[in-house]
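this is a predicted model, with the sequence first.
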Amino acid sequence: MITGCTRSSGVTQCGTGFVPSIRSVHRCDGLHVVSAAAGGARDLREACREARPCSVRDHQQPLSGPLRSNETESIMMTERADLVVGGVDTHKDEHVAVVLDVAGRRLGVESFPATTAGYVALRAWLVGFGAVLAVGIEGCGSYGLGLRRELTAAGIVVHEVCRPNRQLRHRRGKSDAVDAEAAARAVLAGQEMITPKSADGPVETMRVLRLARRSAIKARDTATNQLHALVVTAPSELRERLDGLPIGSVVQLLVDDDVAVTVADGGYVLAMRSLARRWQQLDKEAADLRAALHRVVGEAAPDGLLEQQGVGPDVAAALMIAAGDNPDRLRSEASFAALCGVSPLDASSGKQQRHRLNRGGNRDANMALWRIVLVRLRWDPITRAYLERRIGEGKTRREAMRCLKRYIARDVYRILTISRDPRQLAA
């Protein structure tokens, strides 16, 4: 057997993740042998035994220079055979986990209940296979939130992965174990990985308060529409008393006026009084939630955000919720613009070079930027001058306003990331 032979195979660490190498490269004294990694063990031994010279380069020439950094990392990673990567497919009642080694071989698959004890058991099961490089989880913001918190508290890196490719699922089928393995392989390859929101600070409080307030407002609007419809079809005497009044006065009159309910009115008074009391309760809930939201925003907003023209507590809450409690997860202002749906998408093909409107991203944050643009167009002369200049260059008013949203997103990103971390205010 030829001596002095070192091997570089297994995985390669690059900027996006740990990628299994496709080929195994053997560097021998005076030889350079390449063989396939899969099923090539016998051919590899035969190649070294026969000591055939490399046909690509002169076997008398030594390998030039030391190993490159990625080759050194590959050799070091191969020596660490205890490194593993996990993937989890989350559900309401149970989570399915898969463990892969750094070469992409599946080491185990197991199901765990979606409880606190189940999260601890899943973490212990992962660690039992070796040092965990990272774990890919589907749905870190919903069913996988509890598991993400448990793994993060234990010091394990967690990435949120996207749903597997539909064409791939159509060809190979779909199961919980297959989805969990796809999540692990996405982390191993460094593809379509997202740093999830930490959801452990005041921004998460803003999100839940805003969610409850929007629900109350939506139910109040439904009650308003129902009251207006009943006023139109109510008996003449009741309709004449309520017609033309604003909704607040209609509600107050129905709640305070002690009108006897008779069979002759067909139950109109009873139904309208019930809707009026419901409207009153929902209106109070929305006001209380709005006050609580403004209080949290005032305490947690980064320095300078609320001082921006057109940025109030509601707009600031929408922008902070989009960034999350850990805004450092955003790599650049371009990533924040894409998150808000204000980054134009390249739609070029052949000789046609153009960009199209981005209809994705967080639409609440997109609407918040749109409100800022409207306010500045009304009160800021610099913004109006910019709009007129871009229209003079051939852009439509809508296109110019989209450019303004992109510029404002850049300013908001700098404030969110350079200023203090809102998580520090949670203590």
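Sure thing, it's come through.

hey, let's count contacts and neighbours off CA atoms from now on
OK.

okay, the residue nearest the centre of the chain: pLDDT?
In the chain, the residue lying closest to the centroid (CA atoms, centre = their mean) is residue 196, at 5.9 Å. Looking at residue 196, its pLDDT reads 88.

oh, and call the first residue 36 from now on, that's how I've got it
With 36 as the first residue, the last one maps to residue 231.

can you tell me the SS state at residue 341?
Following DSSP: H, G, I helix; E, B strand; the rest coil, we place residue 341 in the coil state.

and for residue 261?
Classified using three-state DSSP, residue 261 is helix.

residue 338 too?
Under three-state DSSP, the three-state class of residue 338 is coil.

next one: residue 234
Per three-state DSSP, residue 234 ends up coil.

residues contacting it?
The contact partners of residue 234, taken as CA atoms under 8 Å, 6 or more residues apart in numbering, are 359, 360.

circling back to that earlier point, once you drop chain neighbours, what's closest to the residue nearest to the centre of the chain?
Nearest residue to residue 231, sequence neighbours excluded (CA to CA, 6 or more residues apart in numbering): residue 195, at 5.7 Å.

that neighbour against residue 171, yeah?
Yes - distance between residue 195 and residue 171: 5.6 Å, which falls inside the contact criterion (CA atoms under 8 Å).

so those two - more neighbours on which side?
residue 171 (31 against 25; other CA atoms under 10 Å).

quick check: that one vs residue 330, distance?
According to CA to CA, to the nearest Å, residue 171 stands 36 Å off from residue 330.

at which residues are the strands of the protein located?
41-43, 46-48, 53-55, 58-63, 66-71, 118-124, 129-136, 141-148, 166-172, 193-196, 228-229, 380-381, 390-391 (DSSP state E).

returning to that earlier point: what's the pLDDT at the residue nearest to residue 231?
pLDDT at residue 195 comes out at 91.

also residue 362?
At residue 362, pLDDT is 90.

how close does the closest residue to it other than its chain neighbours sit to residue 270?
Nearest residue to residue 362 in three dimensions, chain neighbours excluded: residue 452, at 6.1 Å (CA to CA, 6+ apart). Noted for residue 452: a distance of 60 Å to residue 270, by CA to CA.

not counting its neighbours along the chain, what's nearest residue 419?
Nearest residue to residue 419 in three dimensions, chain neighbours excluded: residue 412, at 5.3 Å (CA to CA, 6+ apart).

so what's the residue count around that neighbour?
Counted with other CA under 10 Å, the burial measure for residue 412 works out to 19 neighbours.

okay but it is in contact with residue 421, surely?
No - using CA under 8 Å as the test, residue 412 is too far from residue 421 to be in contact (9.6 Å).

re earlier: just list whatever residues bridge to the residue nearest to residue 231.
Bridge pairing for residue 195 (DSSP bridges) gives the partners residue 172, residue 229.

give the buried residues for stretch 186-203.
186, 191, 193, 194, 195, 196, 197, 199 (16 or more other CA atoms under 10 Å).

check what pLDDT the last one gets.
The predicted local confidence for residue 199 comes out at a pLDDT of 74.

who touches it in this structure?
Taking CA under 8 Å, 6+ apart as the test, what residue 199 contacts is 214, 217, 218.

any idea how this protein splits into domains?
41-112, 118-229, 237-335, 348-461 (automatic domain parsing).

now the helices for the stretch 236-385 of the chain?
237-268, 271-277, 282-291, 303-335, 348-358, 368-374 (DSSP state H, counting those that start in this stretch).

thinking again about what came up before, who's more crowded, residue 452 and residue 270?
residue 452 (19 against 15).

thinking again about what came up before, a markdown table for the domains of the chain, including distance to residue 342?
Below are those laid out as a markdown table (distance: least, CA to CA, whole Å):
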| stretch | distance to residue 342 |
| --- | --- |
| domain 41-112 | 38 |
| domain 118-229 | 30 |
| domain 237-335 | 11 |
| domain 348-461 | 10 |
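
what's the closest of those domains to residue 341?
Taking CA to CA, domain 348-461 is the member of the domains of the chain nearest to residue 341, at 6.9 Å.

run the chain-centre distance for that closest one.
Distance, stretch centre to chain centre, for domain 348-461: 17 Å (CA atoms, centre = their mean, to the nearest Å).

now swap in stretch 262-281 and tell me
Its chain's C-alpha centre lies 47 Å from the corresponding centre of stretch 262-281 when counted by CA atoms, centre = their mean.

ok, back up a step: okay, and the common contacts of residue 195 and residue 171?
residue 228.

low pLDDT regions in this protein?
Applying pLDDT under 70 to the chain picks out residues 36-116, 293-301, 454-462.

please repeat the previous calculation with a cut-off of 50.
36-114, 298, 455-462 (pLDDT under 50).

that older thread, quick one: which of the contacts of residue 199 is most hemmed in?
Neighbours here mean other CA under 10 Å. Within these, the largest count is held by residue 218, at 31 neighbours.
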